[in-house]
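A.B. asks: sharing a sequence plus its predicted fold:
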Amino acid sequence: MSNQNLTEYRFSFGPWNIHEGADPFGPPVRDSFTFDEKVQFYRALGFVGIQFHDDDIVPDINDKTHAQLIQRTQTVKQLITDHGLTAEIVAPRLWEDPRTIDGAYTSNNPSERDYAIERSKRCIDIANEIECRIIVLWLAREGTYIREAKNSARAVGYLLDAINTMLDYDPNIRILIEPKPNEPMDQAYIPTIGHAIGLAYASKAPERVGGLIESAHAILAGLDPSDEMGYALYHKKLWSVHLNDQNGLKFDEDKAFGSENLRRAFNQVRVLEENGYGKNGEFVGLDVKTMRTQPREISTKHLVHSRETFLHLLEKARTLERAVEQQFIAARDDEGLDFYILEHLLGK
Ligand code: GLO
Ligand code: MG
């Protein structure tokens, strides 16, 4: 099928998606690949965008002077350019430092909140130097283990203060909030895309604040990822995605896209395709983990497979017979439509 209007999707993943297999109950099971080695994998695996944390670019960022930070970023910029890659996003990693134990922007301690803001500004400096305008906020520890520990209303104000400060710091950046309902905290303050978009509209530059939806995070919130995407798409605020899969309500599994529920994956591809996602340069991001059992030499398969599954399902979305679908809808024959979709997915 060749048609000039068809979106040519571009794919991204983060260096943390090729990892050593450690989990809370056991140590790494595979030797690391260096960052330079990982950069070499991207194109061969079918990817052109890199999702970065600030310290993926500048390790030990807190110990670096501004000049060192810029210098290291220039080195990485050259490396990725040489490999024909672009930085899709840069995200401040605000969940590993001792000053972020009880949250970063929402910590009860003002000097810890200041640290979070300063770190975010450094992240923006890095993004500028690597020519990326997108800052992602995965609000990892912005929540609590128990309700009484923090003031949930005040926390929303702190989050807005942080977002507004970043918007002022650089008039060219866009901020994408990546919601998640739990893990590492028991409860997060911004658990769904609706919460994220509420913050966007309350900010001082709503046109520069949007969202990133991760499939597994929506599922953990008990929601359907494609409907979450539809909500953000309506608001023109879906600026990135982290596609993956998740088997029910447990830890964030980051399974290969479509590996748990193919139809749920199909509907994510369908809603993106039908609403023009990607036409303004948005990437199809993956956030998938290699299974712990996978040998090191074949520990990038989950990335290739997730991308392939997306492309297979894209073909399914594009070949759905609209007239047939419309007939079922007009007759309110949901049973018929349901079975038509199943047969289409099964290739019947
Ligand atoms: C964790 C998140 C995390 C973010 C990443 C980019 O659950 O999905 O992987 O996507 O830090 O901000
Ligand atoms: Mg993610």
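C.D. replies: That came through, no problem. Numbers count the residues shown, from 1 in each chain. Ligands and ions are numbered 1, 2, ... in the order given.
A.B. asks: next, count neighbours for the closest residue to ligand 2 within the stretch 1-150 of the chain.
C.D. replies: Distances between the stretch 1-150 of the chain and ligand 2 by CB to the ion are smallest at residue 138, namely 6.1 Å. C-beta here means a position set from N, CA and C on the backbone, and glycine is covered the same way. Using other CB atoms under 10 Å, residue 138 is surrounded by 23 other residues.
A.B. asks: and for residue 144?
C.D. replies: Neighbour count for residue 144, taken as other CB under 10 Å: 20.
A.B. asks: list the beta-bridge partners for it.
C.D. replies: residue 187 (DSSP bridges).
A.B. asks: and the gap between it and ligand 1?
C.D. replies: Distance from residue 144 to ligand 1, counting by CB to the nearest ligand atom, to the nearest Å: 17 Å.
A.B. asks: do the same with residue 55
C.D. replies: 11 Å.
A.B. asks: quick check: closest non-adjacent residue to that residue.
C.D. replies: residue 61 (4.7 Å; CB to CB, 6 or more residues apart in numbering).
A.B. asks: that neighbour against residue 53, yeah?
C.D. replies: No. Assessed by CB atoms under 8 Å, residue 61 is found out of contact with residue 53, at 9.3 Å.
A.B. asks: all strands for the stretch 151-300 of the chain, in order.
C.D. replies: Assigned by DSSP state E, counting those that start in this stretch, the strands in the stretch 151-300 of the chain fall at 174-178, 187-188, 209-214, 238-243, 284-286.
A.B. asks: can you lay out those as JSON lines showing mean neighbour count and mean pLDDT?
C.D. replies: Converted to JSON lines, those look like this (neighbours: other CB atoms under 10 Å; pLDDT from 0 to 100):
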{"stretch": "strand 174-178", "mean neighbour count": "24", "mean pLDDT": "98"}
{"stretch": "strand 187-188", "mean neighbour count": "19", "mean pLDDT": "97"}
{"stretch": "strand 209-214", "mean neighbour count": "27", "mean pLDDT": "98"}
{"stretch": "strand 238-243", "mean neighbour count": "26", "mean pLDDT": "99"}
{"stretch": "strand 284-286", "mean neighbour count": "27", "mean pLDDT": "99"}
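A.B. asks: and these as JSON lines, adding distance to ligand 1?
C.D. replies: Putting the strands of the stretch 151-300 of the chain into JSON lines (distance: least, CB to the nearest ligand atom, whole Å) gives the following:
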{"stretch": "strand 174-178", "distance to ligand 1": "5"}
{"stretch": "strand 187-188", "distance to ligand 1": "10"}
{"stretch": "strand 209-214", "distance to ligand 1": "5"}
{"stretch": "strand 238-243", "distance to ligand 1": "5"}
{"stretch": "strand 284-286", "distance to ligand 1": "8"}
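A.B. asks: looking at the ones you listed, which is closest to residue 265?
C.D. replies: Among those, strand 238-243 comes nearest to residue 265, with 7.7 Å by CB to CB.
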